[in-house]
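[1] Following is a predicted model, sequence given first.
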Amino acid sequence: MTQPRLYGELAEWFHVLTEPTHYEEEARIFMDAIDQSSRRHVRTVLELGSGGGNNASHMKKHYEMTLTDLSPQMLEQSRTLNPECEHLEGDMRTLRLGRRFDAVFVHDAVAYLLSEDDLEATMRTAYEHLEPGGVALFVPDDTLEQFDPRASAGGNDLGDRALRYLEWPRPPIGTTVDITFVYVLREGDSERIEVDYHTVGVFARATWVSLLERTGFDPKVLPYRHSEFRREDHHELFVGVRR
């Protein structure tokens, strides 16, 4: 799994790119999906690929969160937001902590899984860390059916720092998509431009469901509606309940 510059040498800019306060609505959506799908009371949550901890900064008010990520730089960014949460470095495909949780949460870091084998391995990690009746929630950016190759742009200001970005994906080749990011970084009076390359996986809806079943989950697909989505967008959440 190749690490984009954003999660390594540029990680200190992550919370300018994605301001944590903007995640409150989606965190509530995810918590509702977890609570309503679980067959047990949810108190402990393991997040795989927790990144900079934006969702956790809201979810920790309701759950005891354990945060894991492949990037030590991103874990360090998360610790600035979530010092009270447990942080552990690990690969979501192979992580084994030897304990179980009421729920496992995998946000958009799941997009960096490029093969069905990697996706199934991550589902297996989630399954192995769940109590019976516990729920795993997966939130891919896209499925193959609804992938949109249009470019997008955005950014934020944070103190004396500001970032603007252009995100420009190529059409899918098989189940992978190459995306070019251009960041304009301002700090005080200085400005620089950085280019970053991300390769992500996009899988068909049926693939998600069949892999959840093969792993041992009872699968469920939920609509994912957010106030910032366009009317024509059709995003989905993939839920697996451990039998």
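    In hand now; what should we look at?
[2] from memory Leu212 sits against Pro219, does it?
    Yes - using C-beta atoms under 8 Å, Leu212 is in contact with Pro219, at 3.8 Å. Any C-beta I mention is one placed from the backbone N, CA and C, and that applies to glycine too.
[3] who has more neighbours, the two?
    Leu212 (25 against 18; other C-beta atoms under 10 Å).
[4] quick one: contacts for that one?
    By C-beta atoms under 8 Å, 6 or more residues apart in numbering, the contact set of Leu212 is 123, 219, 238, 240.
[5] Looking at the residues you listed, which are in strands?
    Using DSSP state E, the subset of the contacts of Leu212 located in strands is 219, 238, 240.
[6] Which strands or helices does whatever helix or strand Leu75 lives in pack on?
    According to DSSP states H and E, Leu75 maps onto helix 72-81. When contacts are defined as 3 or more C-beta pairs under 8 Å, 6 or more residues apart in numbering; DSSP states H and E, helix 72-81 packs onto helix 14-17, helix 56-59, strand 64-69, strand 86-89.
[7] Let's see that with 7 Å instead.
    Here helix 72-81 touches helix 14-17, strand 86-89, going by 3 or more C-beta pairs under 7 Å, 6 or more residues apart in numbering; DSSP states H and E.
[8] closest one to Gly174 among the ones you listed?
    Among the helices and strands packed on helix 72-81, helix 14-17 comes nearest to Gly174, with 28.1 Å by C-beta to C-beta.
[9] where are the low-confidence patches of this structure?
    Filtered on pLDDT under 70, the chain yields the residue ranges 1-2, 230-232.
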